[in-house]
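Enquirer: return atomic coordinates for the entry below.
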Amino acid sequence: MTSPPPEPLLRNVTGSARDRSEEEPVGGSLAEIIGSNVRALRMQNQLSVSDMATRIGISKAMLSKIENAQTACSLATLGLLAQGLDVPVTSLFRGADAEREAVYTEAGTGPIITRNGTKAGHEYELLGALRGQHKRLESLLVTLTEDSETYPLFQHPGTEFIYLLEGVLEYGHGMRTYRLRPGDSLQFDGEAAHGPTQLVELPIRFLSIIAFPDHTPG
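Expert: Predicted coordinates for the structure are as follows:
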């Protein structure tokens, strides 16, 4: 019996943007998160390790260990750090409060959805959608064939980014028209009328990524 294919999610742990050895596992412990935040806030305040240690009343060696995640902080020390950096204690835990959402879509498995251009022969495969803190982000794979019509009348709130993968088309936005070839991209305000004006070389496939503003219903 053949074994099942590996899961696309390889790790479900946090990480940080610093150099790691090949043997070191990717991850972010609470001590690492606190140390990283303390270092960033100290540098933001233009304080040396020595100056910061003196300010809060701990040794320079202890502060260095905290920033390098070599020791755990007591509640009292966390209070001193926050007071010395003039921030709430919760700021020292930034990045550890919640797991962040991600959407994985295997090739060819995104649902086909209906949009304004569907009736004109435009096919939309949803690659993912996220509602973040400030906006809703939607990613689509758009396919145009010989059955598709030009339909330069799309309008929506937010900003759209398109990236041409295959084919050649002319794409209108407002009063201007752009000829797009594979590798070309276009980013624009979605409030202006936009869409394909001429299908030059078929088939055509492009990524469409739209960032909607806060008030947009989803």
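Enquirer: how much space separates G195 from I66?
Expert: 55 Å (CB to CB, to the nearest Å). All C-beta atoms are positioned from the backbone trio N, CA, C, and that covers glycine.
Enquirer: tell me which of those two has more neighbours.
Expert: Using other CB atoms under 10 Å, the more surrounded residue of G195 and I66 is I66, with 24 against 19.
Enquirer: just the pLDDT at the more buried one, thanks.
Expert: On the pLDDT scale, I66 is placed at 92.
Enquirer: before we move on, what about A69?
Expert: At A69, pLDDT is 88.
Enquirer: same check on S16?
Expert: At S16, pLDDT is 42.
Enquirer: can you give the domain ranges for the protein?
Expert: Using automatic domain parsing, the domain ranges for the chain come out as 1-99, 112-212.
Enquirer: show me where this structure has its strands.
Expert: 112-113, 123-131, 136-144, 159-173, 176-180, 185-189, 194-212 (DSSP state E).
Enquirer: okay, buried residues for the third one please.
Expert: Just to be clear, that refers to strand 136-144. If you call a residue buried by 16 or more other CB atoms under 10 Å, then strand 136-144 has these buried ones: 136-144.
Enquirer: max pairwise distance over those: which two?
Expert: Across these, no pair lies farther apart than R136 and L144, at 24.7 Å, counting by CB to CB.
Enquirer: so where is the protein shaky, pLDDT-wise?
Expert: 1-28, 96-101, 131-135, 152, 214-218 (pLDDT under 70).
Enquirer: which stretches of it form helices?
Expert: Counting by DSSP state H, the chain has helices at residues 30-44, 49-56, 60-67, 75-85.
Enquirer: got the buried residues for the first one?
Expert: Translated: helix 30-44. Within helix 30-44, the residues that count as buried by 16+ other CB under 10 Å are 31-39, 41-42.
Enquirer: cool, and stretch 164-183?
Expert: Result for stretch 164-183 [16+ other CB under 10 Å]: buried residues 164, 167-169, 171-173, 180.
Enquirer: center of this protein - which residue?
Expert: Nearest to the geometric centre of the chain sits A102, at 8.6 Å (CA atoms, centre = their mean).
Enquirer: and that residue, how far from T118?
Expert: Using CB to CB, A102 is found at 28 Å from T118.
Enquirer: swap in Q83?
Expert: Taking CB to CB, one finds Q83 at 58 Å from T118.
Enquirer: wait, what's in contact with the residue lying closest to E170 once chain neighbours are set aside?
Expert: Nearest residue to E170 in three dimensions, chain neighbours excluded: Q198, at 4.1 Å (CB to CB, 6 or more residues apart in numbering). By CB atoms under 8 Å, 6 or more residues apart in numbering, Q198 lies in contact with 150, 169-170.
Enquirer: between the buried residues of stretch 164-183, which sits nearest I204?
Expert: For the buried residues of stretch 164-183, the nearest to I204 is G167 (3.4 Å; CB to CB).
Enquirer: can you tell me the closest non-neighbouring residue to the closest one?
Expert: Using CB to CB, 6+ apart, the nearest residue to G167 is I204, at 3.4 Å.
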